[in-house]
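# sequence plus predicted model, see below.
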Amino acid sequence: MRPTSALLGTLLLASTASAGTLRVGATPVPAGELLTFVKPILARQGVTLVIREFSDYVQPNVALGEGALDANLFQHVPYLNAFQQNRPLNIVPVRKIYLPPLGLYSRRVTQVTALRRGATVAIPNDPSNGARALLLLERAGLIRLKAGVGARAAVTDIVSNVKNLRFRELEAAQLPRSLADVDAAIINTNYALEVGLNPERDAIYREGASSPYVNVLATTRDKLGNPDLARLAAALTSPEAKAWLLKKYGGSVIPAF
């Protein structure tokens, strides 16, 4: 979601204050690479950007909530909302940055229709990305979900499974490794890119640009007045950042601004 007008006003007014150090958590690709790209832009404004990379989706929020970070970039709003149902850390989205399309990958088939009956499909085991994966399979025509479940979908909500697919729920970071052992796996783009998989080139099915699962810059509510956060949000959504994303990832990471 885009920030409210009041939130934007807070960030814009704060941007006139003096600059300092900003600590930001991210998964290495594409968030860490994008942050590295904008680091010199911030340096010219007097902001020292410290990038801390994480290999999972839990610790970046924990570190932000505990005050070890000033912001993070790795998650979409449905994940953030689901995470804070059990671990309320007062984290809020600041700005939409990019969409990393979720993709279905396979080393055994080259098209969705070639998946065999009884095939095993690995999906993320966290509730929000698990639901996202099931919605992708529904759009691909492989399953049908109970009406209205939407972003709360779980395997138990499948009401039609014409190929009798079996599901293996794994931590998102483990999904690329699972490809050798399953017929197909739904992999988040950051983890796909880390192992050389390009969703535009290699996925046998993937989300389109209209997906609501856009990754956001996030912070805790008490840090919304940080002037360096406004500078970072502006750099991440600058024309330079957009051109870099398009050139670097060739359409596999879609700017959302």
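Everything's here; your move. Everything quoted here is computed from the prediction, not taken from an experiment. Numbering: from 1, shown residues only.
# can you give me the helices in the stretch 101-250 of the chain?
All helices of the stretch 101-250 of the chain, identified by DSSP state H, counting those that start in this stretch, fall at 127-139, 175-178, 189-194, 199-202, 227-236, 239-249.
# please name whichever of those helices is nearest to Gln59.
Shortest separation from Gln59 across the helices of the stretch 101-250 of the chain is recorded for helix 189-194, at 14.3 Å, computed as C-beta to C-beta. Where C-beta positions appear, they are placed from N, C-alpha and C, glycine not excepted.
# who are the packing partners of the closest one?
On a contact count with 3 or more C-beta pairs under 8 Å, 6 or more residues apart in numbering; DSSP states H and E, helix 189-194 meets strand 103-105, helix 175-178, helix 199-202.
# quick one, which of those is packed in tightest?
strand 103-105 (a mean of 23; mean count of other C-beta atoms under 10 Å).
# tell me the strands beside that one, with direction?
Note on strand 103-105: by DSSP bridges, its sheet partners are strand 184-187 (antiparallel), strand 205-206 (antiparallel).
# contacts for that strand?
112, 121, 136-137, 140, 179, 184-187, 189, 192, 197, 199, 202-207 (C-beta atoms under 8 Å, 6 or more residues apart in numbering).
# of those residues, buried ones?
Burial by neighbour count, 16 or more other C-beta atoms under 10 Å: within the contacts of strand 103-105 this picks out 112, 121, 136-137, 179, 184-187, 189, 192, 197, 199, 202-207.
# so where's this protein shaky on pLDDT?
1-18 (pLDDT under 70).
# what about the strands in it?
21-26, 48-53, 71-76, 91-99, 103-105, 120-124, 144-145, 158-160, 166-170, 184-187, 205-206, 215-220, 254-255 (DSSP state E).
# dump those into a markdown table; add distance to Ala151 as well.
Converted to a markdown table, the strands of the chain look like this (distance: least, C-beta to C-beta, whole Å):
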| stretch | distance to Ala151 |
| --- | --- |
| strand 21-26 | 23 |
| strand 48-53 | 27 |
| strand 71-76 | 10 |
| strand 91-99 | 15 |
| strand 103-105 | 18 |
| strand 120-124 | 13 |
| strand 144-145 | 11 |
| strand 158-160 | 15 |
| strand 166-170 | 17 |
| strand 184-187 | 15 |
| strand 205-206 | 18 |
| strand 215-220 | 15 |
| strand 254-255 | 20 |
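# most packed of the ones you listed?
Of the strands of the chain, strand 184-187 is the most buried (mean count of other C-beta under 10 Å), at a mean of 28.
# tell me how many other residues surround the residue nearest to Glu169 when sequence neighbours are not counted.
Closest residue in space to Glu169, ignoring its immediate chain neighbours: Asn125 at 4.0 Å, by C-beta to C-beta, 6 or more residues apart in numbering. By other C-beta atoms under 10 Å, the residues close to Asn125 number 15.
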